[in-house]
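Student: model this:
(one chain, ligands or ions: 2)
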Amino acid sequence: MNKKLAVIILAAGKGTRMKSQVPKVLHEICGRPMLEYVLDLVQGLKADKVITVLGYKHQEVRKTLKKDIGVVIQKEINGTAGAVKQAMPLLGNFKGTVLVLYGDTPLLKKETIQKLLDHHRKNDYAVTLLTANLERPKGYGRVIRDKYGSLSKIVEEKDGDEFELDIKEINTGITCFNKNKLTEALKEVKPNNRKKEYYLTDCIGILYKNNELTGTVVLEDINEALGVNSKIDLAKAYSTIQKRINEKFMEAGVTLVDPGSAFINYGTKIGQDSIIYPFTVIDKNVKIGKRCSIGPFIHLRDGTSLDNDVIVGNFLEVTRSKLGAKTIAKHFSYIGDTLIGRSVNIGAGTVTANFDGKNKNTTVIRDNAFIGSDSILVAPVKVGKGAKTGAGSVLIRNSVVKDGQVVVGVPAKPIKNSR
Ligand code: UD1
Ligand code: CA
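Tutor: Ligands and ions are numbered 1, 2, ... in the order given. Model prediction:
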């Protein structure tokens, strides 16, 4: 059995139905572009060749691709077959299976693709298609089968008649081809349809007519089939991926009090026995240690890192900051560009004024310091070990509070007898 695999990812379209200036495949889902989910999938398949077809704003899309991925620019966006045709020369004299993936189908799982490939190879089909049975198949190409149940062609939504559109089995777009047979079929594809486009799906009908064997694998989890064409689809994809991310955390021992209101981006790390309370937004690249307590109602932004046993409570925004072990910030605060040591208490309403209109400046608060309620720290500022600020104090720019010192007032001044 020939196990060679080439993958072609189609990502040239503008995504007209998204009504956006951003290329469709760059729309983000849980903190990363849609296309990256497809690229992850491909990486797991260990393909011999990977080619992406780009078009609309290709320079921007290209930035998400690793160097070892081939790129073809489709100058005229004239349909999915047009896109594949352009990619074929890059395959050279490759012999084996060509897997076509759509860049707007980010929910597919590796196991599903593997199943499709196995079925295709085992039966030596000319083409094998991943299909799904949807209650509401609107918008997708419909799967037409002959009287023996074999896949005979795909009819696009725009071109189908009443009976065809009644069919619930849809084309996910994910297709395996025998390379040589694909090359032959592509030659015969014509834009005889309402969109005047070259449809890749027509290759299936062509191969069937040429007496080639066609196969299908039917999706078990229909969620995987979602093709993102609109912002409504994007929200659906978001919620499925969010659910997967959240379930992974729960499986790893993180408590999510309400998974439905835990908005945690891809790439976040959270340690065992941490508790995430409702209405929590955690951006990408946030690191949370073990046994932390997060929220409710909190926004942890990019570059935040919490050591073990940290408590960050209601109505906080934390960005580009490190909080040492056992540090507590329980009530409404803004903490930005701040380095905080261990066992520090951040009083209610504390604000680090990190932006002076031009630059972001850093605040440093060392171990065991106590920041009184409603303190404003105008960065750059340093607060020493075990130092204290009184309630309502304002630490002006360049303030340095010495270890153990107590400061109060506006602007904050040391209390006599404190160090
Ligand atoms: C396509 C299928 C449809 C299937 C659905 C699954 C065709 C003709 N139709 O429809 O049967 O049910 O996907 O989601 O294939 N692209 C290019 N170049 C082009 C045109 C498209 O690279 O010239 C890319 C797009 O960027 C996109 C993918 O191909 O990533 C699919 O194109 P799209 O226009 O979204 O096809 P659908 O109408 O969804
Ligand atoms: Ca689509």
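
Student: burial measure for residue 243, as a count.
Tutor: Neighbour count for residue 243, taken as other C-beta atoms under 10 Å: 13. Where C-beta positions appear, they are placed from N, C-alpha and C, glycine not excepted.

Student: Over to the one 10 residues further on?
Tutor: If you count neighbours by other C-beta under 10 Å, residue 253 ends up with 12.

Student: again, but for residue 16
Tutor: Residue 16 - counted by other C-beta under 10 Å - has 12 other residues nearby.

Student: go on, residue 238?
Tutor: 18.

Student: Tally up the residues packed near residue 149, please.
Tutor: Neighbours of residue 149 (other C-beta under 10 Å): 8.

Student: Tell me the spacing between it and ligand 1.
Tutor: 20 Å (C-beta to the nearest ligand atom, to the nearest Å).

Student: Which residues of the stretch 201-350 of the chain lie near ligand 2?
Tutor: Counting by C-beta under 5 Å from the ion, the stretch 201-350 of the chain comes close to ligand 2 at 227, 229.

Student: ok, residue 177 - contacts?
Tutor: Applying C-beta atoms under 8 Å, 6 or more residues apart in numbering to residue 177 gives the contacts 97-100, 126-127, 185, 203.

Student: Out of these, name the ones that lie in strands.
Tutor: Cross-referencing the contacts of residue 177 against strands under DSSP state E gives 97-100, 127.

Student: Now rank these by neighbours and give me the top one.
Tutor: residue 98 (27 neighbours).

Student: can you give me the helices in the protein?
Tutor: For the chain, helices defined by DSSP state H occupy the ranges 34-45, 58-62, 80-87, 110-123, 162-165, 179-188, 202-209, 231-251.

Student: Flag every buried residue along the shortest one.
Tutor: For helix 162-165, the neighbour count (16 or more other C-beta atoms under 10 Å) marks residue 164 as buried.

Student: Contacts made by that helix with the rest, please.
Tutor: For helix 162-165, contacts defined as C-beta under 8 Å, 6+ apart pick out 137, 142, 144, 155, 157.

Student: how about that helix, does it reach ligand 1?
Tutor: No. Judged by C-beta under 6 Å from any ligand atom, helix 162-165 stays clear of ligand 1, getting no closer than 12.1 Å.

Student: pull the CA atoms of that helix into PDB?
Tutor: Only the C-alpha atoms of helix 162-165 are listed here, as PDB (Å, rounded to 0.1, in the frame of the first residue of the first chain):
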ATOM      1  CA  GLU A 162     -35.700  20.700  -4.700                       C
ATOM      2  CA  PHE A 163     -35.100  16.900  -4.300                       C
ATOM      3  CA  GLU A 164     -31.400  17.300  -4.100                       C
ATOM      4  CA  LEU A 165     -31.600  20.000  -1.600                       C
END
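
Student: What is the distance between that helix and the centre of its chain?
Tutor: Chain-centre distance of helix 162-165: 35 Å, with C-alpha atoms, centre = their mean, to the nearest Å.

Student: give me the residue from the stretch 151-300 of the chain nearest ligand 1.
Tutor: Residue of the stretch 151-300 of the chain nearest ligand 1, by C-beta to the nearest ligand atom: residue 227 (2.5 Å).

Student: tally of neighbours for residue 254?
Tutor: Applying other C-beta under 10 Å, we find 22 residues neighbouring residue 254.

Student: Likewise for residue 40?
Tutor: Other residues near residue 40 come to 13 when the count uses other C-beta under 10 Å.

Student: Would you map the strands across the stretch 151-300 of the chain?
Tutor: All strands of the stretch 151-300 of the chain, identified by DSSP state E, counting those that start in this stretch, fall at 151-155, 169-178, 214-218, 255-256, 262-264, 269-270, 275-276, 280-282, 287-288, 293-294, 298-300.

Student: Now for the residue nearest to residue 402 when sequence neighbours are not counted: which residues touch it?
Tutor: Closest residue in space to residue 402, ignoring its immediate chain neighbours: residue 384 at 4.9 Å, by C-beta to C-beta, 6 or more residues apart in numbering. Applying C-beta under 8 Å, 6+ apart to residue 384 gives the contacts 366, 369, 400-405.

Student: Generate a PyMOL selection restricted to the buried entries among these.
Tutor: Here is the PyMOL command that selects the buried residues among the contacts of residue 384 (16+ other C-beta under 10 Å):
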select buried, resi 366+369+401+405
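
Student: got a markdown table for the contacts of residue 384, with distance to residue 392 too?
Tutor: Listed next are the contacts of residue 384 as a markdown table, based on distance: C-beta to C-beta, whole Å:
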| residue | distance to residue 392 |
| --- | --- |
| 366 | 22 |
| 369 | 17 |
| 400 | 20 |
| 401 | 15 |
| 402 | 21 |
| 403 | 23 |
| 404 | 21 |
| 405 | 17 |
